[in-house]
Every structure is written in structure tokens, then in C-alpha cells.
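Colleague: Attaching a predicted model along with its sequence, questions to come.
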Amino acid sequence: MTTRIPLIHSVSCPDRVRLLASVGSVLALVVGSALCAPAHAQSNEPVTVNIGAQTLGTALTAFGDRAGLTLLFPSGRVAGRRTAGLSGTMTREQALTRLLAGTGLSWQFTGADTVTITDVAAGSGSAASGAFDGGDTTVLDTINIRGAADNPADTPYETAGSSAYVSDEQIQRLRGVAPGDIFKGTPGVVASGKNNGAKLDVNIRGMQGQGRVKVAIDGTQQSTTTWRGYQGVDERVYIDPDLIGGVSIEKGPSGGAEGAGATGGVVSIRTLNADDIVEEGRTYGVRLRASTSDNADSPQPAPAYNQRSDAPSFFDFENGSGSIAVGIKHDSVDFVGAFSKRKTGNYFAGTKGDDTHYTHEGIRYPLSFTKPGEEVFNTSENTASGLAKLTLRFGDDHTLQLGYVGFQSKFGESMGSLLFQQDDGYRQVQQSDIRTDTYTARYRFTPDNELIDLKANLWLADVSGTTRAVSAMPDLIQWGIYPADEPRYSETRTWGTDISNTSRFDTAMGALSLDYGATYTLEDMDGDVYCSRSFTATPCVWMTPSVGERGVGGAFSTAKWEVNDWLTFEGGLRYDRWSLHDQSEKAVEGEDRRNGGGMSPSVGVTLTPFDGVQFFARYAEGIRPPTMRETMVSDANATQNFHLDAERTKSWEAGVNVMRNGVFTADDKLRAKLAYFNNDHHDYISRVSVYPPVQSMPLFTFENLDRVTFRGIELSGAYDAGSFFLEGALNYYTDVEFCRDGTCASNTVQSDYAVAHVPADISVSVTAGMRFFEEKLTIGGRVTHNGERIIPISEPGDRQRTPMWLPYTTVAAFASYKLDDHLTVDIQAQNLFDRYYIDAMDGWNPAPGRTVRASLTAKF
């Protein structure tokens, strides 16, 4: 990445602090200390590099990334210059000298991890130089920062808008029981229903389902929409945490290829690359990981009605996982392959706490049919997954990556009708199964030309599986009457392609970058007509799933204009086009095709009054086309609405970023982001009751509401001083409105799916830890608090469709010890005090009780 800021030492530190304090932010006090922090001596630790002959600017970027340095230089200083490259293990000083040999440039350390590139005449007279002399009168022109700032974990703290990043280290630190636990600690992001099925179904700032939030795995879309009875629908994505390299999250309408058709946000999951496995200076690497945990037991054969309360001991080794990953790196070829196996039984609820009921309209109802300490039916999983990636480099300019990611699982899950209707009908049912196969081809062309940085991608995601259509029926097995767990088969095959290019210009009015391209995805949905009934002896009600095609494509462009060292403007425009084709048996001629489109602008501004401090504001729009399930025939008990309009989101944000190094010590890091958001979702598609009421199905239909609004505040931050670290996140909703027929209220429309998509009014997470024995031992914990639903249930019938919870606070603990350079032992305890509670947005299933997990990771 390239960022332009000034180095100015003519303004005194006290003046800066007084100016910053005028914003009235407590954050200014910390930043003020940061601005006064002195430079520190550079490190002499060796670094292993392999940089071929290429343009000097590109080589410096690669070296900065590898060495963890921030390199400062005017754009014109490296223009037209090349380097012979270098390879081997050496100090950072030696590497810089060799890189700049023959270029007429020299280097100086101007901070612990900051290097300024100057002309030889301004330096020492040769390519070599040394530590900065500490003078306070140096003034440089606008410069480029390359290298260390490209750390993806830092991107949210230098972005004009709300984003987040979850690293592999954070994922492994507190893995949790469900895949969705990776989002704990990310403000405004919730994995809905995470303890019910082995999937991810992501909610961002109240937006969820029907394509509102896109979860992209290596740029692909493998999600599938599944009917969940009274709970509406969920949008499922499957991935094993051991295969994840990192997760980037953009909140609200997004530019680029992945943002087409998504208004709530984009979750970009990057799977493992060779760099994640191969250590610096080596050409190959192997990572082995094994874990075991307690508090779960193999599910009983279905149907089973008696919930056990004797959770197994920790060392029974019935629950655990194992994975292997192999990486190879050479000049022209990279390869990574990985396989993971995971098996856990039904977990057991916590035993502590008296909050087992909630009150609605003066009547007490149980939060769940599972009592404290009991087995939670239908929460097991047995999963196998793997990936393979081959990266080919042709010369210095061309890269082609071919990839495959596969996932197979048999897992337990419960429809809402099984979880709330009647206690004597709650039971263990037949397991669901899923298989995903994702294929990618990714090409990049990066010649020695600032006008060309070309990317082209082609992919296919195939998702097929069987879920169960079940209802709560009492135990009549002794009379030979068995409940029906009817299979529902579906398959979704999605093709996608996109092409984009980035052009960069240095002009007399500042640096300008343009990112532009086009994208298209075609979703092909298929499924079998299936039987819905209560008992195996009763007649079937035949249900027709959504069958057809949905295409979404368009063109996009964004521009970033860095006017000077403190002012940056951003703007974008995208046009999205969509089409629907109903191919089901019940398709109606003349109403079996729909299409539409629309423009979505965005604009933003960033002010940088001080190094590492940004104030930003952003406005963005996006459209979400209607889905097959909303407009055409579907298996939900709803009649289609062929005339639905696309949803249009208008999002406002304003906030401040802080990203400083060397604040109180030579090597500490401070990161913080505070943002206010106001998201208006116009023509929001809602399920509503059929009027006038009818006595038989369908009972519902879909219509466009006037508007749905979510407003709130988010805060995230991290401080790392080496010997200890602290991370925090807060999300607070100030206002929520649903508007229909000109009337607005702070509650959802009766019968709408959104009643199950409403998050907690406040969510807080604090993680703290300390490192000992030269950072070999790390111990710490996390405290998480979730408040009540933002808005209460107001309609009588919505109680049966709404997952309820009470405010709760939980504690988790973790410890990690590096036995040597290759072996690491981790131990974690989730729900440390064994509390009985329902996770926010999780729907009647109690959260797991105290669960201890131990793992061993080996890297060679």
C-alpha cells in the first residue's frame, strides 16, 4: 500500500497536544504521549530475503514487508530506478545498503522501525548510512510509506470507514466450541445461531440473511440459503478454523468485486498460503496441530428423548481435532496443502445460574427445554476438510494461483419448531450433512508500470447437502409411532468471475489512484421436492424448494486523491445488475423472470492532523436484489411476490483512527478506532402476514417496507507493549426503527424474519494477557458482556419465532507456552465459571458449559 504523510519537526510537541485536545476526546491524552515519544535505536536482528532484480519502489515495498520496516521517501526519488536485488540472511542495515547500491540513494534510521531514503548528497555520501542524529529541524516533502503499514491487522486503523481484521493468532487464542466464535471481540459482528449447526451465518449491524452480508472464501461465494421453519432462513457458509489464514471484515456497502449485491457488509476469509506455513529463510515447512476438549459426548441414536447430565471427563479423548499443513516456496513456484479432521459430540449446558426463564406480557417462559447441566441435543459435528493451492510465477510480472477448498460434515441441528413448541417433543434427530467444493483460478499482472496492477479471477463453488424437516412430536415410540425426520436435499452451484485494475498517478495536485473493474456471479439453485409431516405414519405435505438461477453483476470504480499530507478524498461509483429465473415445477409463465439494476455512489474524506491520527467521514450506498425465495416459489409457507423492489442502503459514518508505534516504550503499539454509524435500509424486504387472514397455507408473503434504520457507536482498540497486551471492543445501538406504510416504531413487523436478526443493545469484549520468559509463556483472559435485545417482542405470535436471551457476562482464560522454536502448547477454558445462559441471537439452545481445550502445534 502507499500512504502519503509529512515528516515535520518544526511544530513543538506541546502545541500538538493542545491542538488535539480541542476535539474533547480522552483518546487525545494517549495520542499526546505518543506524539512526544522519542525515536529509539534500530534493531540488528538478521532478516532473510529473496528479492529479484526489479523496480526499486517495488523492491523496497517487498523488503519493508519482510523486515517489518516503514520506509519513507518521495515518489519521485525512486521513479525510473531499479535494483539488482538480493538474497540471503543479513541484518536490515546490510540489506538496505545492498538494495540501494548503484542507485544514488542512501538510508537513515529515523525511528525504531522507520527508515528515510534520501539522495546520497543528503546522506552519508554512499548507499550506507546509520542512525538518525536526532536533530529536530529536518523537513521533508510529501513522502511514501511502504512496508510495515501493509500489515492487514493495521488496515482497519487507517481506513476511512468501519472494518475489522481477525488474525490466525486471535482465532487460535480462544477457539471456542463453534466456528462462529472467531467473531467474538469484533464489534458489530455476530455469528447468529452459532451453536445450532456447524456453519457461519453472519450478522453485521443488524443485517443478516438473503445475501445482505456476503461471506467470501478466497473471493468466492459458497453460501446457501436454508429454510429453518419458524426461525425463517439462514445463510450458511462452511469453513474449518484450522484452514483460515485471516479474516477481513468491511461493514456496510462495499466497493470492489465482493461488494456486489451486499448491503450489510463483506466478510473476506483468506485460507492458508505458503507464507503461513513456511518460516522465513526456508523453502519448505510443515505445521501439525492436534487438540482435545471435554464437556461433550457422542449423540444417542435418534430418536432419543432423555437428555443426559453426566458430562464426560477431560481425558476421554472423544472430542478433538487434528490437522496437517505443508508449504513449499521457490522462486517461481509456491504450494500449500492442508487437511483437517474434527469430531465433537453433543455438548452440555452450564450448571451455574438461576436465569432459566424470561417474562413476556406477564407470563414466564423457559429460555430452553434444556435444563442446567443437561446434554444439548443436536450439537455434534464430524468434519473433514482440506485445501490445495499452487502458485506459479512467470518472470517478475505474472502470477497464477490455482486452488481448491473442500469441506464435508455430518452435524446436528434443530429447527425452531423443535426447540420451543413442547418439552416432551424435544429430541435427538437424524443428523444433517453438507459438502462444499470450491475451485479458484486467480491471475495477477504487475509490470513495471504504475498504471497497471491487473487482477482476474474465475471460480466455482458447489454446495450440496441434506437437512431435516422436523417438528416437536411427543414420545410415542412404545406404541410403534415414530416421529418423522424427513430429509430435504438441496444443491447450489455458483459461478463467478471478476477483473480489476489499479492505476496510480503522481500529479501536481497530489497522488491519485484509480481502482476499477467488473464482476459477475451466477447462482444455480436446485433441490428435491420433499415430504413434511409429523409422524412416519401420517400423510405427506409435499414442499417445493426454490429452484432456478440468480445472476448479479456489474461494474465498479473507486478513486483516492491524496491532496496533500493531511487531506485525502475518496469517491466511488458502482452499477449492479441482477436477474432471476424461476425453474421450479410451480413456475408461472410470465412471472418466472425478473431483472433490475441501479447505481450506488460513495464518497469519503480523511483528515490527518498528526502522524498516526486520522479523522474520517464516509457516505456509501448499496443495493441488495431480491432473492428467489422472496420473489418465486419456495418451500417456506409463504406466497411469492413477483413485484418486489431491490433494497437500497444509505450509510453514514464518522470517526477517528489512531495507529501509533513507540508510544510509551521503544516497541509498543497503540491502535484505536471510534465510529458513529447511521444505516438506512430503504425498501427493506420483510415477510408479512397475508391479509385478509386465511385458514390454510400459505400464511405469509413478502413486501417492501419503507425503511429500516440502525444507528450506533463502535469502539475497538489494542495496545501491545511486548510484556503485556490489551484488546477491547464495544458496540452500542442508539436507535432502531422499522417503518411501514408511513408509520415508524422501535419494533419489527409482525411475522418478519428480522425478529430473529435483532442483536443485543450493547456488546463489550475485553481481552488482556501477559508474556513471560522472553515471551515464551503467554497467559490471559477475556470478559464478554451482551445486553438484552435492542427492541422487545411486541407481537404475540413472534415469541415462537424469536430466539430470546437475558443479559449475561462470561469469562474465558487461555495460556500458551513455546516449548522451543517448533512446539507450542495451548490450553483454554471457555465459560470459566460454568454459567447457564443463552448466547445472543442463538435461539433456545443454551451455550456450552465450562469447556477446557488443550492443543499442541508443531512447525518445522
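Modeller: Sure, I can see it.

Colleague: which residues of this protein fall in helices?
Modeller: For the chain, helices defined by DSSP state H occupy the ranges 13-21, 27-35, 56-67, 75-78, 92-99, 168-173, 274-277, 416-420, 628-631.

Colleague: Just want the angle from the longest one to helix 92-99.
Modeller: What it means is helix 56-67. Taking axes from the mean of the first three to the mean of the last three CA atoms, to 10 degrees, one finds helix 56-67 and helix 92-99 inclined to each other by 160 degrees.

Colleague: Now do the buried residues in helix 56-67.
Modeller: 56-64, 66-67 (16 or more other CB atoms under 10 Å). Just so you know, the C-beta spots here come from the backbone N, C-alpha and C atoms, and that holds for glycine as well.

Colleague: So, low pLDDT: which residues of the stretch 651-800 of the chain?
Modeller: 691-698, 794-800 (pLDDT under 70).

Colleague: my bad, the stretch 101-250 of the chain
Modeller: Counting by pLDDT under 70, the ranges of the stretch 101-250 of the chain that qualify are 112, 121-150, 227-232.

Colleague: Mind doing that once more with 90?
Modeller: The model of the stretch 101-250 of the chain has pLDDT under 90 over residues 101-153, 158-161, 169, 172-179, 185, 193-199, 209-210, 222-236.

Colleague: all strands of it, in order?
Modeller: 105-111, 114-119, 143-147, 163-167, 189-191, 202-204, 213-217, 220-221, 224-227, 233-236, 244-251 (DSSP state E, counting those that start in this stretch).

Colleague: OK, contacts around A325?
Modeller: A325 makes contact with 242, 272, 276-277, 286-287, 336-339, according to CB atoms under 8 Å, 6 or more residues apart in numbering.

Colleague: Relative to D834, which of those is nearest.
Modeller: Relative to D834, the closest of these is D242; by CB to CB it sits at 26.8 Å.

Colleague: any idea how far L272 is from the closest one?
Modeller: According to CB to CB, to the nearest Å, D242 and L272 sit 9 Å apart.

Colleague: Overlap of the contact sets of the two?
Modeller: 325, 338.

Colleague: so what's I838 bridging to?
Modeller: P846 (DSSP bridges).

Colleague: And the pLDDT at it?
Modeller: I838 is assigned 94 on the pLDDT scale.

Colleague: The one 10 residues further on too?
Modeller: According to the predicted model, the pLDDT of P848 comes to 96.

Colleague: how far away is it from L174?
Modeller: Distance, P848 to L174, using CB to CB: 13 Å.

Colleague: can you list residues touching both of those two?
Modeller: Residues within reach of P848 and of L174 at once, by CB under 8 Å, 6+ apart, are Q830.

Colleague: For stretch 307-323, give the mean pLDDT please.
Modeller: Averaging pLDDT along stretch 307-323 yields 86.

Colleague: Pull out the buried positions in the lengthiest strand in the chain.
Modeller: Secondary structure of the chain per DSSP state E: the longest strand is strand 486-507. By neighbour count on 16+ other CB under 10 Å, the buried set for strand 486-507 is 486, 488, 490-500, 502-504, 506.

Colleague: next one: stretch 297-312
Modeller: Those would be 297, 299-300, 302-305, 307, 311-312, for stretch 297-312 by 16+ other CB under 10 Å.

Colleague: One more: stretch 806-814?
Modeller: Buried residues in stretch 806-814, counted by 16+ other CB under 10 Å: 806, 808, 810, 812-814.

Colleague: what sits up against it?
Modeller: 173-174, 355, 358, 367, 760, 769, 778-788, 826-833, 835, 837-838, 847.

Colleague: Identify the residue with the minimum pLDDT among the buried residues of stretch 806-814.
Modeller: When the buried residues of stretch 806-814 are compared by pLDDT, L806 scores lowest at 93.

Colleague: with the buried residues of helix 56-67 in mind, which one is nearest to L674?
Modeller: Taking the buried residues of helix 56-67 together and measuring to L674 by CB to CB, the closest member is G64, at 28.4 Å.

Colleague: right, and that closest one touches L71 too?
Modeller: Yes. The pair G64 / L71 is scored as a contact, 4.7 Å apart, by CB atoms under 8 Å.

Colleague: rewinding a little: let's have the strands of the stretch 101-250 of the chain in JSON lines, adding mean neighbour count and distance to G655.
Modeller: Formatted as JSON lines, the strands of the stretch 101-250 of the chain follow (neighbours: other CB atoms under 10 Å; distance: least, CB to CB, whole Å):
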{"stretch": "strand 105-111", "mean neighbour count": "22", "distance to G655": "26"}
{"stretch": "strand 114-119", "mean neighbour count": "21", "distance to G655": "26"}
{"stretch": "strand 143-147", "mean neighbour count": "22", "distance to G655": "21"}
{"stretch": "strand 163-167", "mean neighbour count": "20", "distance to G655": "11"}
{"stretch": "strand 189-191", "mean neighbour count": "26", "distance to G655": "17"}
{"stretch": "strand 202-204", "mean neighbour count": "27", "distance to G655": "16"}
{"stretch": "strand 213-217", "mean neighbour count": "26", "distance to G655": "21"}
{"stretch": "strand 220-221", "mean neighbour count": "25", "distance to G655": "29"}
{"stretch": "strand 224-227", "mean neighbour count": "23", "distance to G655": "33"}
{"stretch": "strand 233-236", "mean neighbour count": "23", "distance to G655": "28"}
{"stretch": "strand 244-251", "mean neighbour count": "22", "distance to G655": "12"}
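
Colleague: and of these, who's closest to V852?
Modeller: Among those, strand 189-191 sits nearest to V852 (CB to CB), with 21.7 Å.

Colleague: For PyMOL, what selects the buried ones among the contacts of stretch 806-814?
Modeller: This is the PyMOL syntax for the buried subset of the contacts of stretch 806-814, where burial follows 16+ other CB under 10 Å:
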select buried, resi 173+174+358+367+760+769+778+780+781+782+784+786+787+788+826+828+829+830+831+832+835+837+838+847
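
Colleague: Go through the contacts of stretch 806-814 and flag which are in strands.
Modeller: Judged by DSSP E, these include 358, 769, 778-786, 826-830 as members of strands.

Colleague: now, which of those sits nearest N195?
Modeller: Q830 (11.8 Å).

Colleague: any idea how far V266 is from that closest one?
Modeller: From Q830 to V266 the distance is 28 Å (CB to CB).

Colleague: cool, and W542?
Modeller: Distance from W542 to V266, by CB to CB: 37 Å.

Colleague: between these two, which one's more packed in?
Modeller: V266 (25 against 11; other CB atoms under 10 Å).

Colleague: The more buried one: what's it in contact with?
Modeller: Taking CB under 8 Å, 6+ apart as the test, what V266 contacts is 213-216, 249-250, 254, 258-259.
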